[in-house]
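Asks: structure here, sequence nowhere to be found:
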């Protein structure tokens, strides 16, 4: 009997894993009513805000973290009322970190996180709307300084649930020297030209991988999402109905399948992580890489041999397109100091220009005037982002203008990545793949409706 | 003498025993017992982190869904058993062979015993990264070696196809658990009285007979404990597969603990994930009881 009890206890340890994940019946403040609770700290009272910030340039070590800390120090020195405490959050399992902290009542006052994070926590009633700041911006003229549509990417349910600071585009990088050696003088502008260029590279360099990519769930999601957006396709309709089995999606699946079958992307990429694809590119064993790697762009040996491909156009698109995510900052409803949190967010967004330079951010600023900084206007690669790629931006949620509640699950569970992995494992029954994913997407939409 | 008697009665009292146990018991209650019952309770609800709504009690709804309409559950459960039983059986067999070797009076025995422990003590993340790079199809050492030896024409995609990925994670799981088996069995071997072996030699038993008639029966207790523990650890194991394949490709190497974790923290379905964990726990308890009963019958 003692043995049975001990076995039961050992097994119970696993159960603790999920049991510790959250508290049923959470009494979170509803985001829609959070404004009513808004209050400022008593006059003269010094308040402390916890600011959680992701490392937005982890490829450069602590460079971004140090620059962000310096920026926070600048804010703290600029006034006497608020002290912001900075905490850098690692990307690995960050959502679980946020989730357990917030459900346990120990979340941040203000935080940056993955693009879809604010909408996920808004659904749980854990987000403080930032409508006041946008109203002020509209009065002050700042609103017009933002890339068209990007502020609205976090507008939901009548509220601005987060505000953008940057854009995170997906592009293809390539080796300029290898392209030159292969005689490719004109950069591809559409799917067929891209495929032809990759075939030329394969012929010229049979031992190299024409296009390095990683195909684990996250990677497959990004690769297929990239091509889907260049074809002006999406996974849901604008009025939030599942739309996975549309012709643009089928074209995308067929196109990537043709790259795979033609040996233009690694046969084993379904098992690759980002580091595997980067290793191929950095070691010179690959001619191109998707998505662009910050490590490759910063590599001393490669920086003069790397270029960014121009946006390309799918067969059903009206023009070349580039997939991007809006990266944002949000305030959390648990904060005791909503007004101070908003004050800090407004300051952070308005004074962030130097952070892009000092932190070597790979993201493109959300504010147009920041791009006039010499860092953006004189750096050849960055200039390519701001001048060529930015005008072709299509938000990740396309055709929906901004994040919607089910997007967290659709993107987080990598439904597109899963469909992509089927292609990368040799499945070619496109209708079956699309129909199966269509069901999952509709279930995700139904779950939050 | 008086003082000693007085002190003894004070510290030997049952009450003092309970007081001494209290900190550990409290820690256990807070970190294990409470989450356990909380998790069981949650498994009867539709608790989702996606909404702020309070969860509804749905009775056995999650359990019914697991066993009747979850399209992935039986496939995942099946691989979980194959993975676990492979690790238990093969790590036991190889561990026994190593233990028998290390039990012999060979030169450098202490060094070999330390070397055998390496897979057990190495960090999981380092282990996973090393294996993934060793087995990579483009730049991996193993594929390079096999190709240079002329054994294969095309690189093997160890983690890219369902069959090879299942084989690879199981092989690495076995490799990682061999040291535990070897060291545990070695300690068991060293406790077998040498008189038994002397007597068997006098009776004319050969090595195989000695192994099956003396060594193996003498290790029954160690075998029961080590294989039961290994079953629980492997079936409950998370990081090996999570770090190597994350359950992919296409769920081919998905096991129940990772499935429960992803259901909880990726899909935010805490109620359903709790039910999966309860099922996992029940399976482990049932198999452990069967294992013990079989052993009791064999001993009888």
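Replies: Nice, thanks for sending it over. For clarity, every value in this text was computed on a predicted model and none was experimentally measured. Residues are numbered from 1 along each chain as shown, chains lettered A, B, ... in the order given.

Asks: drop to CA atoms for contacts and neighbour counts, all remaining ones
Replies: Will do.

Asks: stretch B:111-125: end-to-end distance?
Replies: 25 Å (CA to CA, to the nearest Å).

Asks: stretch A:202-221 too?
Replies: Termini of stretch A:202-221 sit 25 Å apart (CA to CA).

Asks: quick one: strands adjacent to the longest strand along chain A?
Replies: Ordering each strand of chain A by length in residues (DSSP state E) puts strand A:322-332 first. With DSSP bridges as the test, strand A:322-332 is paired with strand A:110-112 (antiparallel), strand A:127-128 (antiparallel), strand A:163-169 (antiparallel), strand A:393-395 (parallel).

Asks: okay, strands next: where are they in the stretch 51-200 of chain A?
Replies: With DSSP state E, counting those that start in this stretch as the criterion, the stretch 51-200 of chain A has strands at A:82-89, A:110-112, A:127-128, A:155-156, A:159-160, A:163-169, A:173-175.

Asks: pick the most buried one from the strands paired with strand A:322-332.
Replies: Looking across the strands paired with strand A:322-332 with neighbours counted as mean count of other CA atoms under 10 Å in any protein chain shown, the highest average goes to strand A:127-128: a mean of 31.

Asks: chain center to that strand: distance?
Replies: With CA atoms, centre = their mean, to the nearest Å as the basis, strand A:127-128 stands 20 Å off its chain's centre.

Asks: quick one, what contacts the residue nearest to residue A:394 when sequence neighbours are not counted?
Replies: Computed as CA to CA, 6 or more residues apart in numbering or on different chains, the closest residue to residue A:394 that is not its neighbour in sequence is residue A:323, at 5.1 Å. Shown in contact with residue A:323 (CA atoms under 8 Å, 6 or more residues apart in numbering or on different chains): A:169, A:170, A:171, A:225, A:226, A:229, A:230, A:393, A:394, A:395, A:396.

Asks: switch to 10 Å and redo it
Replies: A:167-171, A:222, A:225-230, A:232, A:311, A:389-390, A:392-398 (CA atoms under 10 Å, 6 or more residues apart in numbering or on different chains).

Asks: what's the answer for residue B:74, then?
Replies: Per CA under 10 Å, 6+ apart, neighbours of residue B:74: B:66, B:67, B:68, B:80, B:256.

Asks: and the fourth one, how far from residue B:88?
Replies: According to CA to CA, residue B:80 and residue B:88 sit 12 Å apart.

Asks: what do these two both touch?
Replies: Common neighbours of residue B:80 and residue B:88 (CA under 10 Å, 6+ apart) are B:234, B:235.

Asks: do a quick rundown of the strands in the stretch 201-350 of chain A.
Replies: Going by DSSP E, counting those that start in this stretch, the stretch 201-350 of chain A shows strands at A:209-213, A:286-290, A:306-308, A:322-332.

Asks: hmm, back to that, in CSV: the strands of the stretch 51-200 of chain A, plus mean pLDDT.
Replies: CSV is the format used below for those (pLDDT from 0 to 100):
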stretch, mean pLDDT
strand A:82-89, 96
strand A:110-112, 97
strand A:127-128, 96
strand A:155-156, 95
strand A:159-160, 97
strand A:163-169, 92
strand A:173-175, 93
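
Asks: next, format those strands as JSON lines and append distance to residue B:251.
Replies: Rendered in JSON lines, the data for the strands of the stretch 51-200 of chain A read as follows (distance: least, CA to CA, whole Å):
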{"stretch": "strand A:82-89", "distance to residue B:251": "29"}
{"stretch": "strand A:110-112", "distance to residue B:251": "31"}
{"stretch": "strand A:127-128", "distance to residue B:251": "34"}
{"stretch": "strand A:155-156", "distance to residue B:251": "34"}
{"stretch": "strand A:159-160", "distance to residue B:251": "37"}
{"stretch": "strand A:163-169", "distance to residue B:251": "29"}
{"stretch": "strand A:173-175", "distance to residue B:251": "31"}
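
Asks: and of these, who's closest to residue A:430?
Replies: strand A:163-169 (27.6 Å; CA to CA).

Asks: any idea how far the closest one is from the chain center?
Replies: Using CA atoms, centre = their mean, the offset of strand A:163-169 from its chain centre is 9 Å.

Asks: can you check stretch B:28-42 too?
Replies: Distance, centroid of stretch B:28-42 to centroid of chain: 22 Å (CA atoms, centre = their mean).

Asks: now do stretch A:264-273
Replies: For stretch A:264-273, the distance to the chain centre is 22 Å (CA atoms, centre = their mean).

Asks: ok, that stretch near chain B or not?
Replies: Yes: Stretch A:264-273 lies within reach of chain B by CA under 10 Å from any CA of the partner chain, at A:266, A:267, A:268, A:269, A:270, A:271, A:272, A:273.

Asks: Throw the residues you listed into JSON lines and include pLDDT, thanks.
Replies: Output for the residues of stretch A:264-273 next to chain B, formatted as JSON lines (pLDDT from 0 to 100):
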{"residue": "A:266", "pLDDT": "92"}
{"residue": "A:267", "pLDDT": "89"}
{"residue": "A:268", "pLDDT": "90"}
{"residue": "A:269", "pLDDT": "92"}
{"residue": "A:270", "pLDDT": "93"}
{"residue": "A:271", "pLDDT": "91"}
{"residue": "A:272", "pLDDT": "92"}
{"residue": "A:273", "pLDDT": "88"}
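
Asks: can you list those residues in CSV and add neighbour count?
Replies: Below are the residues of stretch A:264-273 next to chain B laid out as CSV (neighbours: other CA atoms under 10 Å in any protein chain shown):
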residue, neighbour count
A:266, 25
A:267, 22
A:268, 23
A:269, 28
A:270, 28
A:271, 29
A:272, 26
A:273, 19
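
Asks: need the max-distance pair from these.
Replies: A:267 and A:273 (13.7 Å).

Asks: who touches both of the two?
Replies: residue A:215.

Asks: tell me which parts of the stretch 301-449 of chain A are close to chain B?
Replies: Counting by CA under 10 Å from any CA, the stretch 301-449 of chain A sits next to chain B at A:405-406, A:408-414, A:417-422, A:424-426, A:444, A:447-448.

Asks: please redo it, this time with the cut-off set to 7 Å
Replies: A:409, A:412, A:413, A:418, A:421, A:425 (CA under 7 Å from any CA of the partner chain).

Asks: now, of those residues, which are buried?
Replies: Among those, those buried by neighbour count (16 or more other CA atoms under 10 Å in any protein chain shown) are A:409, A:412, A:413, A:418, A:421, A:425.

Asks: relative to chain B, which residue of the stretch 101-250 of chain A is the closest?
Replies: residue A:124 (4.2 Å; CA to the nearest CA).

Asks: that residue reaches residue B:50, doesn't it?
Replies: Yes: assessed by CA atoms under 7 Å, residue A:124 is found in contact with residue B:50 at 5.8 Å.

Asks: just curious, which of the contacts of residue B:74 is nearest to residue A:343?
Replies: Nearest to residue A:343 among the contacts of residue B:74, with distances taken as CA to CA, is residue B:256, at 46.0 Å.

Asks: residues contacting the closest one?
Replies: B:76, B:77, B:80, B:280 (CA atoms under 7 Å, 6 or more residues apart in numbering or on different chains).

Asks: among these, name the ones in helices.
Replies: Counting by DSSP state H, the part of the contacts of residue B:256 found in helices is B:76, B:77, B:80, B:280.
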